[in-house]
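# I would like to see how this sequence folds:
(chains A, B, C and D)
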Number of protein chains: 2
Amino acid sequence: MVKRSTKDRILDASEVLFARDGSGGASLRAITQMAKVNLAAVHYHFGRKDLLLEAVLARRLLPLNAERIRSLEAYQQKAGRKKVRLENVIEAMVGPALRLSRDETKGGRIFMRLLGRLVLEPDARVQKLLTGQFETVLKKFEPALKAALPHLEPQDFFWRLHFLVGSMAHTMADSERIRLISGGICDPDDTEGTIQCLVTFLCGGLRAK
Amino acid sequence: MVKRSTKDRILDASEVLFARDGSGGASLRAITQMAKVNLAAVHYHFGRKDLLLEAVLARRLLPLNAERIRSLEAYQQKAGRKKVRLENVIEAMVGPALRLSRDETKGGRIFMRLLGRLVLEPDARVQKLLTGQFETVLKKFEPALKAALPHLEPQDFFWRLHFLVGSMAHTMADSERIRLISGGICDPDDTEGTIQCLVTFLCGGLRAK
DNA sequence: AGTTAGTTCAAACGTTTGTTTGAAACATAC
DNA sequence: GTATGTTTCAAACAAACGTTTGAACTAACT
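Numbers count the residues shown, from 1 in each chain, chains lettered A, B, ... in the order given. Reported below is the predicted structural model:
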């Protein structure tokens, strides 16, 4: 076990505590205490509290979106001249996200909870960051999605995209409630099963007349 | 214009500021200032800050869930001996919620944003309150839903219910992003249109093979 | 008018907050 | 080994926080 750097230890602790207590609720003292780091180290490495939050986000989101685009391009390559099946487009969109949300070595549930909370945070800085990230992905996916759903009116197209994001975000962020509500029947730790279940649901909804 | 009571003014302001800044981020000083009320009035009327939050929630959630159940029972009555159509069950579930989320005289968007934030708040007290509210509704809806979806395995049933909640919550809580992302094509202020769109999507997803 | 219960008020309590400071400790180069 | 730039540290800062207090006000009933 290599000793992690001060910077990484701060990021790890921030992720946990921002997710648990909110970006406003988590105090730098709690963070530095958990990270076993001096209080002033935060300001030395990140400047201000909100810049620390940005760093926590960027660490996970940049690789995630790169992976989504890589996955879509792999499906496109495999399809050759034909258009990619809707199931595959959706899998490329939600699969990497859900796998990340279950990968505890990369923040996993904790990071997803944080993300879910930030989506509704009206802070302009956070919103710019999130919307920017999402639009990059959307730009890449929009053509493939429209090709797979040629019968959809533009209005329905965007609404259903919106509903898709909702289901995905809720499934990523809230992985334990389903176990409780289903009385143990559903197992959120079965990542690939969950993905398949979600893809089926979403494709059904997207194709609905 | 009748002057609202101190208690109501506190609830109104709390709703706005809890939604904007989170339950931890909103200070009692900001709330009482917006409500044009003395700081100590909060403790006089509600005791503690978290009891104030509970009161804000109860004011909207109790009538909402009553309305959902009333609506489902109306459909059941109309169906007589036959089982209620899936479209109607879903409408009874998401319709009242979405209408509330667009009714600015009853908190509207603001309250929904608050609700969305609280879903991911790990505070045990808040979770108990929310899960309790949801289970009351679920108990009432479960038979009708299962009857309308007889082919579904229990596991798929609960997962899809989970996805439904995600789409619904996201649509209620985040009403402006869709306008932005769709480039103005989608209008979240068209409440009934949104409901119909969402019901179609959800039924498609729920029925998917 | 006098009494009482309900409500509002300004002021203060002790904590905790994000941020700053300047010195100490560390590593790397010459 | 001394000098240089980077990182950590304990201590302090003003500001904001939730909560408490006791007196002042209001309205209703005797």
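
# I figured A:Phe141 was touching A:Leu72, is that so?
Yes - assessed by Cβ atoms under 8 Å, A:Phe141 is found in contact with A:Leu72 at 6.4 Å. (C-beta placed from N, C-alpha, C; glycine too.)

# Residues that sit against both of the two, list them.
Residues touching both A:Phe141 and A:Leu72 (Cβ atoms under 8 Å, 6 or more residues apart in numbering or on different chains) are A:89, A:92-93.

# Looking at the residues you listed, spot the one nearest DNA strand C.
When the shared contacts of A:Phe141 and A:Leu72 are compared for distance to DNA strand C (Cβ to the nearest atom of the strand), A:Met93 comes out closest, at 34.6 Å.

# so what secondary structure elements neighbour the helix or strand where the closest one lies?
According to DSSP states H and E, A:Met93 maps onto helix A:86-102. Packing partners of helix A:86-102 (3 or more Cβ pairs under 8 Å, 6 or more residues apart in numbering or on different chains; DSSP states H and E): helix A:49-79, helix A:108-119, helix A:124-148, helix A:154-173, helix A:191-207.

# neighbour count winner among A:Phe141 and A:Leu72?
Of the pair A:Phe141 and A:Leu72, A:Leu72 is the one with more neighbours under other Cβ atoms under 10 Å in any protein chain shown, namely 22 against 18.

# wait, doesn't the more buried one sit right on A:Glu91?
No - between A:Leu72 and A:Glu91 no contact is recorded; they are 9.2 Å apart, counting by Cβ under 8 Å.

# thought A:Lys7 was touching A:Tyr44?
No - counting by Cβ under 8 Å, A:Lys7 does not reach A:Tyr44; the two are 9.5 Å apart.

# Give me the common contacts of the two.
By Cβ under 8 Å, 6+ apart, no residue touches both A:Lys7 and A:Tyr44.

# With neighbour numbers in mind, choose between these two.
The residue with more neighbours, out of A:Lys7 and A:Tyr44 and counting by other Cβ under 10 Å, is A:Lys7; that gives 16 against 12.

# So that one, which state does it fall into?
Of the three states, A:Lys7 takes helix according to DSSP: H, G, I helix; E, B strand; the rest coil.

# quick one: pLDDT of it?
A:Lys7 carries a pLDDT value of 92.

# That one: what's it in contact with?
So A:Lys7 contacts A:His45 (Cβ under 8 Å, 6+ apart).

# next one: A:Ala26
By Cβ under 8 Å, 6+ apart, the residues touching A:Ala26 are A:14, A:17-18, A:20.

# Confirm for me that A:Arg85 is in contact with A:Ala148.
Yes - in this structure A:Arg85 lies within contact range of A:Ala148 using Cβ under 8 Å: 6.8 Å.

# who's more crowded, these two?
Neighbour count, other Cβ under 10 Å: between A:Arg85 and A:Ala148, A:Ala148 has more, with 19 against 14.

# Find me whatever residue is spatially closest to that one, sequence neighbours aside.
What sits nearest to A:Ala148 in space, not counting adjacent residues and going by Cβ to Cβ, 6 or more residues apart in numbering or on different chains, is A:Leu86, at 4.0 Å.

# in terms of contact, does the one you found touch A:Arg207 like I think?
Yes - counting by Cβ under 8 Å, A:Leu86 does reach A:Arg207; the two are 7.1 Å apart.

# Output stretch A:86-96 as PDB, nothing but the C-alphas.
Only the C-alpha atoms of stretch A:86-96 are listed here, as PDB (Å, rounded to 0.1, in the frame of the first residue of the first chain):
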ATOM      1  CA  LEU A  86     -30.600   1.800 -30.200                       C
ATOM      2  CA  GLU A  87     -29.800  -0.800 -27.500                       C
ATOM      3  CA  ASN A  88     -26.100  -0.200 -28.200                       C
ATOM      4  CA  VAL A  89     -26.300   3.600 -28.200                       C
ATOM      5  CA  ILE A  90     -28.000   3.500 -24.900                       C
ATOM      6  CA  GLU A  91     -25.600   1.000 -23.500                       C
ATOM      7  CA  ALA A  92     -22.700   3.300 -24.400                       C
ATOM      8  CA  MET A  93     -24.500   6.100 -22.600                       C
ATOM      9  CA  VAL A  94     -25.500   4.500 -19.400                       C
ATOM     10  CA  GLY A  95     -23.200   1.500 -19.200                       C
ATOM     11  CA  PRO A  96     -19.900   3.400 -18.400                       C
END
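
# Tell me the residues of chain A that contact DNA strand C?
Neighbours of DNA strand C within chain A, by Cβ under 7 Å from any atom of the strand: A:26-30, A:39-40, A:42-43, A:48-49.

# got these as CSV, with pLDDT and secondary structure columns?
Shown next, in CSV, are those (pLDDT from 0 to 100; DSSP: H, G, I helix; E, B strand; the rest coil):
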residue, pLDDT, secondary structure
A:Ala26, 91, coil
A:Ser27, 92, coil
A:Leu28, 94, helix
A:Arg29, 94, helix
A:Ala30, 94, helix
A:Leu39, 93, helix
A:Ala40, 92, helix
A:Val42, 93, helix
A:His43, 94, helix
A:Arg48, 91, coil
A:Lys49, 92, helix
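
# just the residues you listed that are near DNA strand D?
Okay, of the residues of chain A next to DNA strand C touching DNA strand D (Cβ under 7 Å from any atom of the strand), that's A:39-40.
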